[in-house]
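**Student:** fold the following and give me the result.
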Amino acid sequence: MFDEVFGEVIYDGGYVAKKKIEFLGSVYETEILIDAEEDEEISQKQRDVYKALMLRWDEIQKKTATAILKYYNEEEKGAYGPDESEEFEKWWPDIKNEEDISKNIHLDSIVIQSDYLMELDGENPVYLLFDRDWGGEDLEDNGVAVLIEDGEVSEVGYKYIAF
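**Tutor:** This is a model prediction of the structure:
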């Protein structure tokens, strides 16, 4: 199916579109996950939320990097992992600025919720999901998610917060 905003989409438990999106100087093949039941169309509200995100994308990238940097250093770094100092340093590199963050996260997906869920989460809510390089060989890796509401970062956590 072709959508006027998302382009080619397929249904796979929700609509999925793929777009090349630049984030902090790198371009990623990013999945846009649009929450919908199989018999539902993509809503105009979902299109508007995505367009609002892209309209402020340059500003949002900077806010997102700053929020993830704070999250990494204040909440995640050293929260788990090996006790041995050399291995610990491999798991938890020094990440001091946005440039360091840009080298350690990779934009994976953008999640656009259903209209119903958007009503619960504030103005223009959208989740940005990232893979990350820190934390060792965690087979249960849940990456990093950032909730953006009306162009501002309102929550940072593991990817599962988006679902």
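**Student:** for the helix of greatest length in the chain, packing partners?
**Tutor:** As assigned by DSSP state H, the longest helix anywhere in the chain is helix 57-71. Other helices and strands packing on helix 57-71, by 3 or more CB pairs under 8 Å, 6 or more residues apart in numbering; DSSP states H and E, are helix 98-104, strand 144-149, strand 152-157. Glycine gets a C-beta too; all of them are placed from N, C-alpha and C.
**Student:** if you compare the ones you listed, which one is most tucked away?
**Tutor:** Of all the helices and strands packed on helix 57-71, strand 144-149 carries the top mean neighbour count, a mean of 22, counting by mean count of other CB atoms under 10 Å.
**Student:** can you pull out the strands in this protein?
**Tutor:** 2-3, 7-11, 15-23, 26-34, 105-112, 126-132, 144-149, 152-157 (DSSP state E).
**Student:** specify the angle between the second one and strand 26-34 in degrees.
**Tutor:** Regarding strand 7-11 and strand 26-34, their directions subtend 50 degrees when assessed with axes from the mean of the first three to the mean of the last three CA atoms, to 10 degrees.
**Student:** hey, which helix or strand in this structure has the poorest pLDDT?
**Tutor:** helix 115-120 (a mean of 77; mean pLDDT, DSSP states H and E).
**Student:** one step back: among the helices and strands packed on helix 57-71, which is nearest residue 56?
**Tutor:** strand 144-149 (8.9 Å; CB to CB).
**Student:** partner strands of the closest one, with direction?
**Tutor:** Strand pairing for strand 144-149, using DSSP bridges, gives strand 126-132 (antiparallel), strand 152-157 (antiparallel).
**Student:** could you dump those strands into CSV with distance to residue 65 added?
**Tutor:** Compiled in CSV, the strands paired with strand 144-149 are given as follows (distance: least, CB to CB, whole Å):
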stretch, distance to residue 65
strand 126-132, 10
strand 152-157, 10
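**Student:** JSON lines for those strands, including mean pLDDT and distance to residue 23?
**Tutor:** Listed next are the strands paired with strand 144-149 as JSON lines, based on pLDDT from 0 to 100; distance: least, CB to CB, whole Å:
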{"stretch": "strand 126-132", "mean pLDDT": "96", "distance to residue 23": "8"}
{"stretch": "strand 152-157", "mean pLDDT": "95", "distance to residue 23": "14"}
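**Student:** out of the strands of the chain, which gets nearest to residue 84?
**Tutor:** strand 126-132 (21.3 Å).
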